[in-house]
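Q: When you get a sec, could you give me coordinates for this:
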Amino acid sequence: MLFAANAFDDRRSPPARRQAARLADALASGGDRRIRPDAGGRNQYHATVQPSDALAYGSSTISSISQYSFDALLDGWHDRLERPMAASDYADALAMLRLRIADHFGLTDTSIVFAASGTDLEYVGLAAAHNGRPITAVLLGRDEVGSGCIHSAAGRFFAAETAIGARVVAQSAIDPAFAGTELVDVAVRDAAGRPRASAAVAAELARHIDNAAARGRRAVVHVVHGSKSGLTLPAIGDVERLFASHGDAATFVVDACQLRMAPGVVRRYLALGCVVLMTGSKFAGGPPFSGIALVPASLRDRAHPLPEGYRRVATRAEWPADWPGADVLAASGNFGLLLRLQAALFEIERFAALPEERVADVIARFSHHVMRLVKRLELAEVPGAGTSCLATETLRTLDLSVRWPGCDFDVARAMHGLIARQSRQWLGHEIRLGQPVKTHQMSDGRPAGTLRLSLSMPLIAELVSLPSPVLDERLDRDMSLVGAAISASASMALAKPQPAPIG
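A: Below is the predicted model:
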């Protein structure tokens, strides 16, 4: 199925429209079923394949490609959109991306692995830890990381089809090497929804590492920098202390898939010896789906050869040439993933060039207007960790159950869909908010309904160009529309019974 580059205002000539439609088609290729658009050109997260004029405050979930990145891709690839991507060309293009990523983050001697989604990136951490011993995967905050990570972190397929098109058995091991992997879940919030203390989380992680070692197992310990609700746990100082005391007994993986962190923080984690996972389709604002894993040389150099099961989840060029056993992977091209990674890097590099003081002002004004919205709607914010960083300042989680006591997680999920599908009809503007996330329970034990508001790199780049009075007017208007959409969707969702959740 071909899609116009911009369904709302495409003034291109017919040949240019055809090229744009081919690019949109390519962007939706080379991934699992989550990336595939429906007849209306949207994936299951309501994101469009083509650029959208939506008020896009949903980058905590996923993002549509910006017009800026779409045009840049079209300019670079317009004469090659009808040709298949050869394996050698794919390898050369990913090699160039590795150089640009290393330059942006200031990396030296770091292996860079690409994957079709953040969920697929979990297999990189397992490969870095694999040494023939059974693995204990310690996952931090299962409700605040990717929903499929409970499977991929344990070395299992998270769906019946992989990004390279292999048909598999969902929740079975990707390779016999991981058949005995066990998963341990560590909470990031208490029963009331308050973030747990960093030291308490670190102490619990240490206990799980010790327990795994006592049973002859290797622990793969996940920490999170910018969860679905903006939490960073444990604090990086506690991670450093945990690594100093338990680094020999565990492999540490930093889930930074929101990518709400500065390059200096990335380097600090890598210097410890942590694997760092990030995606290009949330804060970075690239098209869905893409993933980047950074692996310190110390882990690469002692890694065992990749198990053969990785042939069903990755191709040769996506892993560094010097990774042990990577030649087990088949050589083929994935044009869609390459395009998505390039688009994300366009946004990352554009954001890095913005004046820091203007970025800080945009983020501060966003926070101010979100707080006004919360007060106006008589909502509450889900408590954060109390620290100020990119993850907390650019992502806010609204507790809807304070205003609407019947609004549980399923009602909020219905509201999210209603806003995505009907806000243009209601208000003249499409509005994109972040999906609900389970952060706490209501008095009857049901998960409370939430929605998220977040900034992205492309949105900040747009807002930075506005003079301060105009910026305030824009954010005031946007938050008024967001508030109207939330209220309208609540009226509809709470007026009718909700279907029982699946599974």
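
Q: use CA for all of it now, contacts and neighbours both
A: Noted.

Q: Tell me how many other residues crowd A203.
A: Other residues near A203 number 14, with proximity taken as other Cα atoms under 10 Å.

Q: next one: the one 5 residues further on
A: Summarising burial for H208: neighbours were counted as other Cα under 10 Å, giving 20.

Q: and it, helix, strand or coil?
A: Secondary structure for H208, judged by DSSP: H, G, I helix; E, B strand; the rest coil, is helix.

Q: Correct me if wrong: it contacts V138.
A: Yes. Counting by Cα atoms under 8 Å, H208 touches V138, with 7.4 Å between them.

Q: Identify the contacts common to those two.
A: A219 (Cα atoms under 8 Å, 6 or more residues apart in numbering).

Q: and the lengthiest helix in the chain, what other elements does it pack with?
A: Counting residues, the longest helix found in the chain (DSSP state H) is helix 468-495. Secondary-structure packing of helix 468-495 (3 or more Cα pairs under 8 Å, 6 or more residues apart in numbering; DSSP states H and E): helix 356-377, helix 409-427.

Q: immediately after the shortest one, which helix or strand?
A: Heading C-terminal from helix 409-427, the first helix or strand you meet, by DSSP states H and E, is strand 431-433.

Q: Averaged pLDDT, that following strand. What do you get?
A: In this model, strand 431-433 has a mean pLDDT of 96.

Q: Quick check: next helix or strand after it?
A: strand 450-454.

Q: Please point out which parts of that next one sit buried.
A: 450-454 (16 or more other Cα atoms under 10 Å).

Q: And the pLDDT for Q498?
A: For Q498, the model assigns a pLDDT of 50.

Q: try L451
A: What the model reports for L451 is a pLDDT of 97.

Q: Quick check, it in contact with Q435.
A: Yes. L451 lies in contact with Q435 (Cα under 8 Å); the separation is 5.8 Å.

Q: Which residues are in contact with the closest residue to M457 other than its chain neighbours?
A: Among residues not flanking M457 along the chain, A284 sits closest, at 5.3 Å (Cα to Cα, 6 or more residues apart in numbering). Listed by Cα under 8 Å, 6+ apart, the contact partners of A284 are 258-259, 344, 347-348, 456-458.

Q: Over to A317?
A: 87, 90-91, 94, 331-332.

Q: Domain parsing of this structure, as residue ranges.
A: 87-348, 356-495 (automatic domain parsing).

Q: TSV for those domains, including distance to A28?
A: TSV is the format used below for the domains of the chain (distance: least, Cα to Cα, whole Å):
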stretch	distance to A28
domain 87-348	6
domain 356-495	19
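
Q: what's the neighbour count on P84?
A: Neighbour tally, P84, other Cα under 10 Å: 11.

Q: Give me the phi and psi for it.
A: Main-chain torsions, P84, degrees, to the nearest 10: phi -70, psi 150.

Q: Let the chain start at 231 from now.
A: OK, 231 is where the count begins now, so the last one is P314.

Q: Report the separation between it and A409.
A: 36 Å (Cα to Cα, to the nearest Å).

Q: And A615, what's its pLDDT?
A: Looking at A615, its pLDDT stands at 66.

Q: do the same with the one 3 residues further on
A: At S618, the model reports a pLDDT of 69.

Q: Kindly report the same for D405.
A: pLDDT, D405: 97.

Q: For the nearest residue to it once chain neighbours are set aside, which three-state class applies?
A: Excluding its sequence neighbours, the residue lying closest to D405 (Cα to Cα, 6+ apart) is G539, at 4.5 Å. Using three-state DSSP, the structure places G539 in helix.

Q: one step back: out of the helices and strands packed on helix 698-725, nearest to G260?
A: Shortest distance between G260 and these, using Cα to Cα, is found for helix 639-657: 25.1 Å.

Q: I'd like the distance from that closest one to the chain centre, please.
A: 21 Å (Cα atoms, centre = their mean, to the nearest Å).

Q: what number of residues lie near A422?
A: 12.

Q: can you list residues touching both of L681 and Q665?
A: H646.

Q: Can you tell me what sits against the helix or strand L324 falls within?
A: In this assignment (DSSP H and E), L324 forms part of helix 317-335. Helix 317-335 is contacted by residues 338, 340, 342, 493-494, 496-497, 547-548, 561-565, 568, 572, 575, 579 when judged by Cα under 8 Å, 6+ apart.

Q: quick one: that helix to chain centroid distance?
A: For helix 317-335, the distance to the chain centre is 21 Å (Cα atoms, centre = their mean).

Q: Average pLDDT for that helix, rounded please.
A: Mean predicted confidence for helix 317-335 is 97.

Q: With stretch 264-272 instead?
A: Rounded mean pLDDT across stretch 264-272 is 84.

Q: Just list whatever residues bridge to the closest residue to L500 other than its chain neighbours.
A: In space, and not counting its chain neighbours, L500 is closest to P526: 5.8 Å by Cα to Cα, 6+ apart. Beta-bridge pairing for P526 (DSSP bridges): T340.

Q: my guess is P526 contacts Y499, does it?
A: No. Contact criterion Cα under 8 Å: P526 and Y499 do not qualify, at 9.4 Å.

Q: between those two, who's got more neighbours?
A: P526 (24 against 20).

Q: Count the neighbours of the nearest residue to L536 once chain neighbours are set aside for me.
A: Nearest residue to L536, sequence neighbours excluded (Cα to Cα, 6+ apart): G555, at 5.0 Å. G555: 14 surrounding residues under other Cα under 10 Å.

Q: residue boundaries of the helices in the stretch 381-530 of the chain?
A: With DSSP state H, counting those that start in this stretch applied, the stretch 381-530 of the chain shows helices at 428-444, 466-476, 493-502, 527-532, listed in chain order.

Q: Give me the helices and strands touching the third one, please.
A: In this case it means helix 493-502. So helix 493-502, by 3+ Cα pairs under 8 Å, 6+ apart, packs with helix 317-335, helix 466-476, strand 505-509, strand 521-526.

Q: If anything else comes up later, I'll come back, but that's it for now.
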